[in-house]
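Enquirer: Sharing a model prediction with you, sequence too.
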2 protein chains.
Amino acid sequence: MEQKILLDEGSGGRASQRLINTIFLNAFDNSILARMDDAAALPQIDGPMAMSTDSYTVSPLFFPGASIGSLAVNGTVNDVSMLGAKPLYITCGFILEEGLPLATLQRVVEDMVTAAAESGVKIVTGDTKVVPSGACDKMFINTTGLGQIFMNPAPSGHAARPGDAVLVSGAVGDHGIAVFTARENLSFASSVKSDCAPLADLVAKVASAAPTVHVLRDPTRGGLATTLNEIAEQSGICVELNEESLPVHAEVADACSFLGLDPLYLANEGKCICILPAEYADAVLQAMRAHPRGREAAIIGRVTDAQPGKVILHTAIGGSRFLGMLEGAQLPRIC
Amino acid sequence: MEQKILLDEGSGGRASQRLINTIFLNAFDNSILARMDDAAALPQIDGPMAMSTDSYTVSPLFFPGASIGSLAVNGTVNDVSMLGAKPLYITCGFILEEGLPLATLQRVVEDMVTAAAESGVKIVTGDTKVVPSGACDKMFINTTGLGQIFMNPAPSGHAARPGDAVLVSGAVGDHGIAVFTARENLSFASSVKSDCAPLADLVAKVASAAPTVHVLRDPTRGGLATTLNEIAEQSGICVELNEESLPVHAEVADACSFLGLDPLYLANEGKCICILPAEYADAVLQAMRAHPRGREAAIIGRVTDAQPGKVILHTAIGGSRFLGMLEGAQLPRIC
């Protein structure tokens, strides 16, 4: 008989303890977590720290290339990395729907373990709530990450300057298409995999290749276009992109044109935007391309003072248009 | 017309930005949050740190004495405090159901602001997801707290020793009864209020009154009995309680006997258990009673080696019985 999650397993009593011991403690095995006090005791981190939180509500829970588990680790680890920080610790909070198959939770936890190992982060404390059937859709996960900032000054969306080059570490739109096609059972783009991956190591290589990096951002919800608009607003500068240089996989482009989606607004979960003085652009491009997570990196544009707060796309046929921030979502529950 | 939360407001686009600016940034106003980068940049914390996470799924969202908002701040701040730490920063992740009245979110956020101010913690980064109607029940909140450990050695559930005294900072069971009666619209215990409150200041007073504190724990889910069982197991000791000394408000005791509940297993959200060498018990009791959050503090028992891993209750009529850990929950969705 298939084992299912019971309300009692979120009660704080013996049943909770058993779930925590059998599923979480064994898998996330480390001495900090094993203390099982009300909070994790962490050693001092020298210097400034980066802290980031995200809740994951992606549907379906599993999709080509990743799952809510790998996403919950990599997504938060990447947000920490974007501040020029080395991710060290993450917390995880599960909200489980009564009746969820235990095997589903186990698969998710395995993916978290694999992702945490790849980034070298420890899952140091957690929380499990079980809500009655119907009060949540299967499973939500929150993770909060803490890291040590090693870049000085730390990159920030406020730090882009005219004259900077704009790079992206690889092709955009894969994650959005992978989740959407899995959710809707579409066959025509079924070979597109989520790009879900940790960026900490790639960021370390970028930092070694350039003495200063102005902005690092991972274009998740809202995609490349929305993230660049945020940076343009925060820094009060204009981002000018060359359409021809934007890396998009052919199958993603095809799926987008069929579905009426724009890959520049689709979520990515293993890509970063890097904005830095143009003189260092080639060195960083080479460093990215030498890394397995950055082989398709490209210089996609430059920062100017043409239209402060705006993003301009120079199209392949010689036109130019504003690339706005979308009002809402192309696709809900993508992360 | 009543404004409601829209799916678009969780998209990462312009609608998300508007929600964040109007509801969160104004309310949680601080310079770290205002940077709005992928992660919050925090200054170095000297010495070891305490980090804790909790997801809050309490139903109903508002109940006598508190709401999911005050609970989400105080609950996490208290877990950080229990490690002998001063809470400094918290993150918050919202999962909102499409259609939630905006006014409901605003009331919750106001309660978070009030609670954060009382503890002196800053809400430094956050995340907002909106899921389609039916995919979650109104609103869930995750908070993760970070604090600076000032007690040396830090208290731990592993550190109770035979000869220690066991104290509780006030009457138990109020939170459980307050949430349950609000959810079920019961009139007979309607004056019972949740004890939801921050414990950081009380913990500082305890630390000043005794040179060493072995254990601090807040008896939330599972109540006093379950938390003491955890400590008995972790420390390999026996906790012996005197029933007569256990503080329980008369109205809570009445409601429990009517409903068939046991106040020792009901959640508390503003109480702590303190276990320390008996010689310091009176000084800590006085310090607790001198504090507005500890006026009903009591010495409720002692640590022995009679039955390692067990909790024994010595009843008012001279009997003794094991006080076990419940298998499951008396009440679901209590926090």
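Expert: Ah, there it is. Residues are numbered from 1 along each chain as shown, chains lettered A, B, ... in the order given.

Enquirer: What parts of the stretch 101-250 of chain A come near chain B?
Expert: A:124-127, A:129-132, A:134-137, A:140, A:142, A:144-147, A:149, A:154, A:156-158, A:216-218, A:220-222, A:226, A:230, A:234 (CB under 8 Å from any CB of the partner chain). Glycine gets a C-beta too; all of them are placed from N, C-alpha and C.

Enquirer: Thought residue A:39 was touching residue A:124, still the case?
Expert: No: with contact defined as CB atoms under 8 Å, residue A:124 does not reach residue A:39; the gap is 9.3 Å.

Enquirer: where does chain A dip in pLDDT?
Expert: Scanning chain A for pLDDT under 70 picks out A:329.

Enquirer: Recalculate using a threshold of 90.
Expert: Along chain A, the model assigns pLDDT under 90 to residues A:1-2, A:10-13, A:38, A:185-191, A:316, A:326-334.

Enquirer: The longest strand belonging to it relative to strand B:85-97, how many degrees between them?
Expert: Ordering each strand of chain A by length in residues (DSSP state E) puts strand A:85-97 first. With axes from the mean of the first three to the mean of the last three CA atoms, to 10 degrees defining the directions, strand A:85-97 sits at 50 degrees from strand B:85-97.

Enquirer: just the strands in chain A please.
Expert: Under DSSP E, chain A gives strands at A:40-42, A:49-56, A:62-63, A:66-67, A:85-97, A:122-131, A:139-149, A:164-168, A:215-217, A:238-242, A:273-277, A:298-304, A:311-314, A:320-322.

Enquirer: Let's have these in a markdown table, adding mean neighbour count.
Expert: Output for the strands of chain A, formatted as a markdown table (neighbours: other CB atoms under 10 Å in any protein chain shown):
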| stretch | mean neighbour count |
| --- | --- |
| strand A:40-42 | 23 |
| strand A:49-56 | 27 |
| strand A:62-63 | 20 |
| strand A:66-67 | 24 |
| strand A:85-97 | 26 |
| strand A:122-131 | 24 |
| strand A:139-149 | 27 |
| strand A:164-168 | 25 |
| strand A:215-217 | 27 |
| strand A:238-242 | 22 |
| strand A:273-277 | 25 |
| strand A:298-304 | 20 |
| strand A:311-314 | 20 |
| strand A:320-322 | 11 |
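
Enquirer: Taking the stretch 151-300 of chain A, what residue is nearest to chain B?
Expert: Across the stretch 151-300 of chain A, the shortest distance to chain B (CB to the nearest CB) belongs to residue A:221, at 2.9 Å.

Enquirer: so how many other residues sit close to that residue?
Expert: 27 (other CB atoms under 10 Å in any protein chain shown).

Enquirer: One more: residue A:15?
Expert: 20.

Enquirer: Now do the same contact list for it.
Expert: Residue A:15 makes contacts with A:6, A:8, A:9, B:327, B:328, as judged by CB atoms under 8 Å, 6 or more residues apart in numbering or on different chains.

Enquirer: Just give the nearest non-adjacent residue to the fourth one, would you?
Expert: In space, not counting the residues next to it along the chain, residue B:327 is nearest to residue A:14; the distance is 4.9 Å by CB to CB, 6 or more residues apart in numbering or on different chains.

Enquirer: And the last one, by the same measure?
Expert: Spatial nearest neighbour of residue B:328, chain neighbours left out: residue A:8 (2.8 Å); criterion: CB to CB, 6+ apart.

Enquirer: Then residue A:225?
Expert: Leaving aside its chain neighbours, residue A:225 sits nearest to residue A:264 (4.2 Å; criterion: CB to CB, 6+ apart).

Enquirer: For residue B:31, see how far away the one you found is.
Expert: Residue A:264 sits 32 Å away from residue B:31, going by CB to CB, to the nearest Å.

Enquirer: These two: who's more crowded?
Expert: Higher neighbour count among residue A:264 and residue B:31: residue A:264, with 24 against 8, using other CB under 10 Å.

Enquirer: That one touches residue A:229, doesn't it?
Expert: No: Residue A:264 sits out of contact with residue A:229 when judged by CB under 8 Å, with a separation of 10.6 Å.

Enquirer: which residues do those two both contact?
Expert: residue A:323.

Enquirer: Confirm for me that residue A:162 is in contact with residue A:278.
Expert: No: the pair residue A:162 / residue A:278 is not scored as a contact, 10.2 Å apart, by CB under 8 Å.

Enquirer: Count the residues that sit near the residue lying closest to residue A:59 once chain neighbours are set aside.
Expert: Excluding its sequence neighbours, the residue lying closest to residue A:59 (CB to CB, 6+ apart) is residue A:333, at 4.4 Å. Neighbour count of residue A:333, defined by other CB under 10 Å: 21.

Enquirer: Identify the residues contacting residue A:333.
Expert: Shown in contact with residue A:333 (CB under 8 Å, 6+ apart): A:57, A:58, A:59, A:183, B:131, B:132, B:135.

Enquirer: Now it: phi and psi?
Expert: phi 50, psi 50 (degrees, to the nearest 10).

Enquirer: what does residue A:214 give?
Expert: Torsion angles, degrees, to the nearest 10, at residue A:214: phi -80, psi -50.

Enquirer: Tell me how many other residues surround the residue nearest to residue B:328.
Expert: For residue A:8, using other CB under 10 Å, the count is 20.

Enquirer: Could you double-check that it lies in contact with residue B:327?
Expert: Yes: in this structure residue A:8 lies within contact range of residue B:327 using CB under 8 Å: 6.3 Å.

Enquirer: ok, the contacts of residue A:15 vs residue B:200, which is closest?
Expert: Nearest to residue B:200 among the contacts of residue A:15: residue A:9, at 30.3 Å, using CB to CB.

Enquirer: Just give me the residue closest to the centre of chain A.
Expert: residue A:75 (3.2 Å; CA atoms, centre = their mean).

Enquirer: That residue is in contact with residue A:58, isn't it?
Expert: No: counting by CB under 8 Å, residue A:75 stays clear of residue A:58, with 9.5 Å between them.

Enquirer: Between these two, which contacts overlap?
Expert: With contacts taken as CB under 8 Å, 6+ apart, the residues that reach both residue A:75 and residue A:58 are residue A:335.

Enquirer: ok, what's across the strand from residue A:239?
Expert: residue A:303, residue A:311 (DSSP bridges).

Enquirer: scratch that, residue A:142
Expert: Beta-bridge partners of residue A:142, as defined by DSSP bridges: residue A:55, residue A:93.

Enquirer: how about it, what does it touch?
Expert: Contacts of residue A:142 by CB under 8 Å, 6+ apart are A:53-56, A:72, A:91-93, A:95, B:53, B:55, B:93, B:127, B:142, B:144.

Enquirer: coming back round to it: give me the PyMOL select line for the contacts of residue A:15, limited to the buried ones.
Expert: The buried residues among the contacts of residue A:15 can be selected in PyMOL (16 or more other CB atoms under 10 Å in any protein chain shown) with this line:
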select buried, (chain A and resi 6+8+9) or (chain B and resi 328)
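
Enquirer: Look up how far residue A:77 lies from residue A:153.
Expert: 21 Å.

Enquirer: I should have written residue A:45 there, sorry.
Expert: Remark: distance between residue A:45 and residue A:77 (CB to CB) = 16 Å.

Enquirer: Can you pick out the residue with more neighbours from those two?
Expert: residue A:77 (29 against 21).

Enquirer: residues in contact with the more buried one?
Expert: Counted by CB under 8 Å, 6+ apart, residue A:77 has contacts A:87, A:90, A:115, A:119, A:121, A:145, A:198, A:199, A:200.
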